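Enquirer: Sequence plus the predicted model coming up.
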Amino acid sequence: MSQADVERDLATIRDGLPPRDGKRHRVIVVGAGMAGLVAANELVRAGHDPVILEARQRVGGRVFTMREPFAPGLYAEAGAMRIPRAHKLTLACIEKVGLSVKPFTMHNPNAWCHLFGRKMRLSEFEARPELLGAELAEHDRGLTSGARWQSLLQPFAQRIEQEGDAAWPAIVSQYDGYSTREFLEERGWSEPAIELFGLVCNQEALMNSCFLELLREEVGNYYTDMVRIDGGADQLPNAYLPFLRDRIRFGARMTAIDQSDHDVTVHFQTAAGRSVATGDYAIVTVPYPVLRHVEVLKPFSHAKRRAIRQLRYDASAKIFFQCRRRFWEDDDGIVGGGSVTDLPIRNVYYPEAGKATGRGVLLASYTWAEDAQRWGSLSPDDRIEQAIEDVAQLHPQILEEFEVGTSWMWHDDPYAGGAFALFEPSQQGLLHEHIVAPEGRIHFAGEHASLAHAWIQGAIESGLRAAREIHAKPV
């Protein structure tokens, strides 16, 4: 988004859509995730008449705070768990609904690095990166993978700082076809250096994704100065319920969609049977893997159908342990942050919520792509058993302190079909404009319909855009 776009959207969150003359529209919003909630909220404020169809029995979509099976006062973020302060739209929505935030610790030097059979503190590795670089060539030694990576990104950051948003078209044109691996190979990185970067910087499973995805996050400061919503991320979507409650129909799964020159009809299934909702326009926020299985009675354009077929969604898995004491803090001095491993669990995070209970919920494993798919192939009980074995290599205390565990696989969720959209090389140029483009009276929103894939910011941005598009329609 350009800075002008951000300022316009911030003004909308603060003041609402601009006044207009003409008909007020009835709008069918499919999906009560953040995109659908934000769009419906602004349409109501502007005098329109939205109705929201939500297949689940809750709002929030992939903003999902699990409060079961945990003890009172404990919870786990199965979906979105952190917000960069650079995401001004998200923070504006949080402020608008009166929620508070606390710091989210991304990096902790006391956390563990467990790679190639060796376990050490991250601070030790950062001071002596050669300890985990036995296979590195001499010219690859002496700098951490993160430092080498940042040196590669510096020219991009400087260019964007000097040229602003005008720098992006040329960058996209030159690098859209590159995966992160291909970019590193072109810059002369050896295979051992690429492997170490992938492990330490948590990018190994995403190495074949479009380089622009990672570049946009890095130069946008997505992983610096982060916060979390105090009390759980689900408080953000739930804050929209008082205003929209009477407009939401839960348990309503879209099965087909049709449109004419004058209206849109959404066919949906409930536990009581089939029904329809008709409006002047529709905003479809469901992820494209889900939309792929919806019957489109008046076919979309070829470009839209191709985008729905081809857009890649990444898998993501989280495994959580409730522990009877916060041994990572008490014994190991790890308060917040995360450990990195090459074990199947890959990444362990140390949530800071719930301290007043004396207990804690450990994010025992956070994985993406093939790593997540492998966890998904196990039964829920086997996931817990295997994850305990891995975590014990970092924290032997888990064998005594574990109380209960649970997991969530977004790629197995029938209403998500994946954790988030993630471009393959060349997909931004091939697909993005067609992903966001309306089809007649049907408009599209969701994190996939933005360039802030995987973030609440993308959902909010797209919801505002779709509401603005429909608000501008005279009839």
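Expert: Arrived safely.
Enquirer: residue ranges of the strands in the stretch 301-450 of the chain, please?
Expert: Under the criterion DSSP state E, counting those that start in this stretch, the stretch 301-450 of the chain carries strands at the ranges 313-314, 316-323, 338-341, 347-349, 360-368, 402-409, 420-421, 442-444.
Enquirer: so can I have a markdown table of the ones you listed showing mean neighbour count and mean pLDDT?
Expert: In short, each C-beta sits where N, CA and C put it, glycine included. Output for those, formatted as a markdown table (neighbours: other Cβ atoms under 10 Å; pLDDT from 0 to 100):
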| stretch | mean neighbour count | mean pLDDT |
| --- | --- | --- |
| strand 313-314 | 21 | 96 |
| strand 316-323 | 25 | 98 |
| strand 338-341 | 21 | 97 |
| strand 347-349 | 24 | 98 |
| strand 360-368 | 24 | 98 |
| strand 402-409 | 19 | 98 |
| strand 420-421 | 25 | 98 |
| strand 442-444 | 26 | 98 |
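Enquirer: Ser379: which of these is closest?
Expert: Closest of the strands of the stretch 301-450 of the chain to Ser379 is strand 402-409, at 10.0 Å (criterion: Cβ to Cβ).
Enquirer: Quick one: distance of the closest one to the chain centre.
Expert: Its chain's average C-alpha position is 21 Å from that of strand 402-409, according to Cα atoms, centre = their mean, to the nearest Å.
Enquirer: 49 is where my numbering starts, stick with that
Expert: Let's use 49 as the start, then, which means that last one is strand 450-457.
Enquirer: May I have the strands that pair with that strand, each with its orientation?
Expert: Strand partners for strand 450-457, identified by DSSP bridges, are recorded as strand 364-371 (antiparallel).
Enquirer: Now tabulate the strands of the stretch 349-498 of the chain in CSV and tack on distance to Val275.
Expert: Putting the strands of the stretch 349-498 of the chain into CSV (distance: least, Cβ to Cβ, whole Å) gives the following:
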stretch, distance to Val275
strand 361-362, 24
strand 364-371, 19
strand 386-389, 16
strand 395-397, 15
strand 408-416, 17
strand 450-457, 22
strand 468-469, 20
strand 490-492, 29
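Enquirer: closest one to Gly81 among those strands?
Expert: strand 468-469 (11.7 Å).
Enquirer: on that earlier part again, so which of the strands of the stretch 349-498 of the chain comes closest to Leu170?
Expert: That would be strand 386-389 among the strands of the stretch 349-498 of the chain, by Cβ to Cβ, at 7.6 Å.
Enquirer: So which bits of the helix or strand hosting Leu244 are buried?
Expert: Taking DSSP states H and E as the definition, one finds Leu244 inside helix 239-248. Neighbour-count burial for helix 239-248, counted by 16 or more other Cβ atoms under 10 Å, picks out 241-248.
Enquirer: just stretch 496-503 next, same as before
Expert: Buried positions in stretch 496-503, judged by neighbour count with 16+ other Cβ under 10 Å: 496-503.
Enquirer: what's in contact with it?
Expert: If you take Cβ atoms under 8 Å, 6 or more residues apart in numbering as the criterion, stretch 496-503 is touched by 49, 83, 128, 132, 135, 138, 261, 264, 270, 335-336, 359, 361-362, 467-471, 476, 480, 483-484, 495, 505-507, 509-510, 513-514.
Enquirer: Now with 6 Å, please.
Expert: Residues from elsewhere that reach stretch 496-503 (Cβ atoms under 6 Å, 6 or more residues apart in numbering): 468-470, 483-484, 495, 506, 509-510.
Enquirer: ditto for stretch 68-84
Expert: Contact partners of stretch 68-84, identified using Cβ under 6 Å, 6+ apart, comprise 87-88, 91, 95-102, 107, 109, 296, 302, 314, 325, 327-334, 493-494, 504, 507-508, 510-511, 518, 522-523.
Enquirer: Is it possible to get JSON lines of the buried residues of helix 239-248 that adds distance to Ser257?
Expert: Putting the buried residues of helix 239-248 into JSON lines (distance: Cβ to Cβ, whole Å) gives the following:
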{"residue": "Ala241", "distance to Ser257": "19"}
{"residue": "Ile242", "distance to Ser257": "14"}
{"residue": "Glu243", "distance to Ser257": "17"}
{"residue": "Leu244", "distance to Ser257": "19"}
{"residue": "Phe245", "distance to Ser257": "14"}
{"residue": "Gly246", "distance to Ser257": "12"}
{"residue": "Leu247", "distance to Ser257": "16"}
{"residue": "Val248", "distance to Ser257": "18"}
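Enquirer: Out of those residues, which is nearest to Ser148?
Expert: Closest approach to Ser148 among the buried residues of helix 239-248 (Cβ to Cβ): Val248, at 33.1 Å.
Enquirer: If you tally nearby residues, what's the number for the closest residue to the closest one other than its chain neighbours?
Expert: Using Cβ to Cβ, 6 or more residues apart in numbering and skipping residues adjacent in sequence, the residue nearest Val248 is Ser193, 4.7 Å away. Neighbour count for Ser193, taken as other Cβ atoms under 10 Å: 24.
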